[in-house]
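Asks: task: produce atomic coordinates for the following.
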Amino acid sequence: MWQRTNSTSNSICIQCVRTMASKPHPPLMKKHSQTDLISRLKSRKILGVGGEDDDGEVHRSKISQMLGNEMKFAVREPIGLRVWILISAVGFTVMAVMALVFPNQLYEVVFEEELSTTSISIRLYGGALLSLALIMWNGLYTAEKIVIQWTLLSEACYFAVQFLVTSITLMEIGILPNAAMLLLLSRVLFLVVTMSYYYHLGRKLKKI
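Replies: Modelled structure (predicted):
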């Protein structure tokens, strides 16, 4: 009795499966391309992507909008920038060592007279130069634009301050030695070159 009931139920299930398999499925509804495009544009507008930002960059996703485009941070360096930073780093290092080790001789070379006071001020000057030299060496090996800009700005600030301090000191002493004149002219030249690199590095490139 139970075997007959099980066989009957199995036959009914098999017939149902065959009926469902043989039944034709309705055709799939295809989205219209224009409707799909409008829906995607609405979704991107809600997410805040797809449009241009303040810098003119078009972000294709929210992630790229948050993290930024890697090409945006690529630095297009002016010609000779790394060479100039290398020359500056070597020059600052040499002057720092001379000021720390031979403070009296360095003063005599610039002002053509002996140092009448203690040499601690010259040694402190050498320590400041050594700190700037470390900044220059760091700027030489970095690829970040903001770091290079601050390196150039620090160098330009040093040249400007040294020019003013040396000029005031020469006026107070009342002499104008050739070495000091050469130092002042070199500082003006170095200041112009450094600010030129700083300007060209910070300038935004026109998009084609």
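
Asks: what's the following helix or strand after the helix or strand Trp84 falls within?
Replies: Trp84 belongs to helix 81-101 when assigned by DSSP states H and E. Next along the chain after helix 81-101, taking DSSP H and E as the criterion, comes helix 103-111.

Asks: what's in contact with that next one?
Replies: With contact meaning C-beta atoms under 8 Å, 6 or more residues apart in numbering, helix 103-111 is reached by 95, 98-99, 114-115, 119, 122-123, 126, 166, 169-170, 173, 175, 177, 179-180, 183. Where you see a C-beta, it was placed from the backbone N, CA and C, and this is true even at glycine.

Asks: okay, strands next: where are they in the chain?
Replies: Counting by DSSP state E, the chain forms no strands at all.

Asks: quick one, what contacts Val97?
Replies: 126, 130.

Asks: again, 10 Å this time
Replies: 126, 129-130, 133 (C-beta atoms under 10 Å, 6 or more residues apart in numbering).

Asks: which residues touch the closest residue in space to Leu140 that isn't next to it in sequence?
Replies: Leaving aside its chain neighbours, Leu140 sits nearest to Ile85 (4.8 Å; criterion: C-beta to C-beta, 6 or more residues apart in numbering). Going by C-beta under 10 Å, 6+ apart, Ile85 touches 77, 135-142, 148, 151-152, 155, 194, 197.

Asks: determine the set of other helices and strands touching the longest helix anywhere in the chain.
Replies: If you go by DSSP state H, the chain has its longest helix at helix 145-173. Judged by 3 or more C-beta pairs under 10 Å, 6 or more residues apart in numbering; DSSP states H and E, the packing partners of helix 145-173 are helix 81-101, helix 103-111, helix 120-141, helix 178-202.

Asks: give me the angle between it and helix 120-141.
Replies: Angle between the axes of helix 145-173 and helix 120-141 is 150 degrees (criterion: axes from the mean of the first three to the mean of the last three C-alpha atoms, to 10 degrees).

Asks: tilt between helix 145-173 and helix 103-111?
Replies: Using the same axes, to 10 degrees: helix 145-173 against helix 103-111 is 80 degrees.

Asks: what residues of helix 145-173 count as buried?
Replies: Buried residues in helix 145-173, defined by neighbour count with 16 or more other C-beta atoms under 10 Å: 148-149, 151-152, 154-156, 158-160, 162-163, 166, 170.

Asks: can you tell me which two in these are farthest apart?
Replies: Ile148 and Leu170 (33.2 Å; C-beta to C-beta).

Asks: thinking again about what came up before, export the buried residues of helix 145-173 to a markdown table and tack on distance to Val188 and pLDDT?
Replies: A markdown table is the format used below for the buried residues of helix 145-173 (distance: C-beta to C-beta, whole Å; pLDDT from 0 to 100):
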| residue | distance to Val188 | pLDDT |
| --- | --- | --- |
| Ile148 | 22 | 92 |
| Gln149 | 21 | 92 |
| Thr151 | 20 | 94 |
| Leu152 | 16 | 94 |
| Ser154 | 18 | 94 |
| Glu155 | 14 | 94 |
| Ala156 | 11 | 95 |
| Tyr158 | 13 | 94 |
| Phe159 | 8 | 95 |
| Ala160 | 9 | 95 |
| Gln162 | 10 | 91 |
| Phe163 | 6 | 94 |
| Thr166 | 11 | 88 |
| Leu170 | 14 | 85 |
